[in-house]
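Enquirer: After the sequence you'll find the predicted model.
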Amino acid sequence: MEPTRRPSLRRDRGAVDVSIQMLFGFMAVLFVMLLVFESVAYWHARNVYDEAAVEGVRVAAAYDGDCAHGVAAARDMIRRHAAGWGTQAVVTCTSGTTMSVTVDGYTPGVLGEQFGVRVRVVESAPKEQ
């Protein structure tokens, strides 16, 4: 006679355990994807603001240029490349023997504009005589 096997007191919860693991795994992958998207948005905004500051300081440092023209050129560059999210950027200029244009703004946040990161770019060039 063969001994009967006792049923295990512990139930098999394979499907439940796997779905909980998948939930946490999915949340981790989603977090990493959002982090990548946010870093790409920061990189893009920094490049746009940097190009605007370079253009602004190039115009301001020219022989017949001044800060008003440099700020206008930087704002125009931001308007052309970041019209949807770059309108709140602040452009300032300081004059002297070295012209300096500062662009201060926020990146477009992946989850919403209020979650953007602050970016500040300063470019300088000597004033042409």
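Expert: Okay, I see it.
Enquirer: quick one: contacts for residue 51?
Expert: Shown in contact with residue 51 (C-beta atoms under 8 Å, 6 or more residues apart in numbering): 77, 81. From N, CA and C alone the C-beta is placed, and that goes for glycine too.
Enquirer: Tell me the spacing between it and residue 82.
Expert: Separation of residue 51 from residue 82 (C-beta to C-beta, to the nearest Å) stands at 10 Å.
Enquirer: Can you tell me which residue sits nearest the middle of this structure?
Expert: residue 42 (1.8 Å; C-alpha atoms, centre = their mean).
Enquirer: Surely it and residue 108 touch.
Expert: No. Contact status for residue 42 versus residue 108: not in contact, 9.3 Å apart, counting by C-beta atoms under 8 Å.
Enquirer: can you tell me the helix or strand for residue 105?
Expert: Per DSSP states H and E, residue 105 falls inside strand 98-106.
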